[in-house]
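1. Generate a structure from the sequence data that follows.
(one chain, ligands or ions: 2)
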Amino acid sequence: MKESEKAETKENNQKSSQNVLESTQTVVHKALGKLGYPEEVYELMKEPLRMMTVRIPVRMDNGSIKIFTGYRAQHNDAVGPTKGGVRFHPDVSETEVKALSIWMSLKAGIVDLPYGGGKGGIVCDPREMSFPEIERLSRGYVRAISQIVGPTKDIPAPDVFTNSQIMAWMMDEYSRMKEFDSPGFITGKPLVLGGSHGRESATAKGVTICIREAAKKKGINLEGARIVIQGFGNAGSFLAKFMYDAGAKVVGISDVYGGLHDPEGLDIDYLLDRRDSFGTVSKLFKDTISNEELLELDCDILVPAAIENQITEQNVDRIKANIIVEAANGPTTIEATKQLSERGVLLVPDVLASAGGVTVSYFEWVQNNQGFYWEEEEVEKRLEKVMVTAFDNVYRVSSTRKVDMRLAAYMVGVRKMAEASRFRGWI
Ligand SMILES: NC(=O)C1=CN([C@@H]2O[C@H](COP(=O)(O)OP(=O)(O)OC[C@H]3O[C@@H](n4cnc5c(N)ncnc54)[C@H](O)[C@@H]3O)[C@@H](O)[C@H]2O)C=CC1
Ligand SMILES: O=C(O)CCC(=O)C(=O)O
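-> Ligands and ions are numbered 1, 2, ... in the order given. Coordinates of the predicted model:
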């Protein structure tokens, strides 16, 4: 890419992160207003309480030193320690991380966890780095943010382009620094290091439960239903497998490079076998479609499971699905949400649909703290209960208060944080 193109892409990304934050603030404001909270509650919640920017020097394999920029945002810790993933991506920005931390607070409220929201990210492209470089970067990030994180302060987890191996390096670095084994510092770890059964597939499990509940509301039978999934990473690939096994027809999937489409249904087991660790599979095929085309495919259920700002005013008219379930954080703009709601599309918002990940992260942290580990069935049973209760609560608020599902989810999500902030005497 030419320098001028790079600058333009950077500027566009900054604008879209700004939009994402402003849209989130708008909906938080509306939700608090609907619940009758005074303006100062919004003033407290519109930005994270703490935002740390760090510069991380990393020795690259060729001997040079490269300085990476990283962030950690802690939105609100009135309810308990902050919690949320760490993203390794070239488009990470301070504004994006702020918005992501607010969403984490809302998710924790919706699934009723004793946490506030946090989120982190490093501006980097791990697809172009070696394993040892990624390890040095991960360890450097932990050293840089060590003062503000910890098992009772702020607990990181995986997100886009980070995984259980990276969580293991981060946990090891933190434990070495503090001179005691600290599995509860981070979640999404490998099982042998105190990870929980079911965490890897938890986000997709939660999305699957939301799809099932939404399909019931719309009278759609999942057996044979046509589903399109954007993103074939942790969230998207497990989801594709769960849907395929449930008898749905996965007619489209995609990754950052493009999408695959088959109206008769794709062979998901085969694609899972061929995907790489960054959730890439489309490059192996000649006959691909673009991500834009994928979102507009004829289908019953659409699941954006990649990144922000995918369904916008530009393409919302051409979206054909009856149900949209947001596995990704922030894939639909508020303008598009409004139009979809007016058209009667049932949109299950990110802060509800993708909350299965942080729910099982909480279970992992509880198991680390008590030193007693649960079997997979126990995790599944608890996750099912949490997600169904959360879906029902949000759906009920949406129906009784006559607001769209996103606003309803925000109304459910902000309440506990507002009450906790009030009891603490902050507002
Ligand atoms: N991993 C988790 O536990 C959770 C993830 N999420 C959200 O789900 C989404 C996906 O996260 P993961 O599956 O963990 O990430 P991942 O890194 O495992 O996979 C990301 C997928 O998105 C694709 N992708 C990346 N950039 C893209 C672009 N510009 N256009 C189209 N596709 C693109 C990648 O090729 C890959 O297939 C993110 O929004 C994340 O914040 C939400 C809750 C929990
Ligand atoms: O598992 C966690 O703690 C956080 C997951 C996350 O980052 C998210 O839900 O966006």
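2. helix, strand or coil for residue 327?
-> Classification of residue 327 by DSSP: H, G, I helix; E, B strand; the rest coil places it in coil.
3. I'd guessed residue 168 sits against residue 193; true?
-> Yes: Residue 168 lies in contact with residue 193 (C-beta atoms under 8 Å); the separation is 5.4 Å. Backbone N, C-alpha and C define where each C-beta goes, glycine included.
4. who has more neighbours, the two?
-> Higher neighbour count among residue 168 and residue 193: residue 168, with 20 against 16, using other C-beta atoms under 10 Å.
5. need the strands for this structure, in chain order.
-> 50-59, 65-74, 82-89, 116-123, 154-158, 226-230, 249-255, 258-261, 301-304, 323-325, 346-348 (DSSP state E).
6. Okay, now the sheet partners of the last one, with direction.
-> To tie it back to what came earlier, the one meant is strand 346-348. strand 323-325 (parallel) (DSSP bridges).
7. Tell me how far the strand it pairs with lies from the chain's centre.
-> 16 Å (C-alpha atoms, centre = their mean, to the nearest Å).
8. Then stretch 327-342?
-> 15 Å.
9. cool, and stretch 218-229?
-> Worked out by C-alpha atoms, centre = their mean, stretch 218-229 lies 23 Å from the chain centre.
10. Make a markdown table out of the strands of the chain and add mean neighbour count.
-> What follows is the strands of the chain, written out as a markdown table (neighbours: other C-beta atoms under 10 Å):
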| stretch | mean neighbour count |
| --- | --- |
| strand 50-59 | 16 |
| strand 65-74 | 20 |
| strand 82-89 | 27 |
| strand 116-123 | 28 |
| strand 154-158 | 27 |
| strand 226-230 | 26 |
| strand 249-255 | 25 |
| strand 258-261 | 20 |
| strand 301-304 | 29 |
| strand 323-325 | 26 |
| strand 346-348 | 24 |
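11. out of these, nearest to residue 370?
-> strand 154-158 (15.2 Å; C-beta to C-beta).
12. what angle do that closest one and strand 50-59 make?
-> 50 degrees (axes from the mean of the first three to the mean of the last three C-alpha atoms, to 10 degrees).
13. Tell me the gap between strand 154-158 and the middle of its chain.
-> Counting by C-alpha atoms, centre = their mean, strand 154-158 comes out at 12 Å from the chain centroid.
14. Mind listing residues that contact that strand?
-> Strand 154-158 is contacted from outside by 72, 74, 77, 81-86, 115, 118, 120, 148-149, 164, 166-167, 170, 184-188, 234, 357-358, 361, 365, using C-beta atoms under 8 Å, 6 or more residues apart in numbering.
15. what is the residue in the stretch 101-250 of the chain that ligand 2 sits nearest to paired to in the beta sheet?
-> Nearest residue of the stretch 101-250 of the chain to ligand 2: residue 157, at 3.2 Å (C-beta to the nearest ligand atom). Listed by DSSP bridges, the beta-bridge partners for residue 157 are residue 85.
16. Show me this protein divided up by domain.
-> Split into domains by automatic domain parsing, the chain comes to 47-180, 202-353.
17. Do me a favour and get the end-to-end distance for the last one?
-> With C-alpha to C-alpha, to the nearest Å as the measure, the ends of domain 202-353 fall 11 Å from one another.
18. do the same with stretch 345-364
-> End residues of stretch 345-364 are separated by 35 Å (C-alpha to C-alpha).
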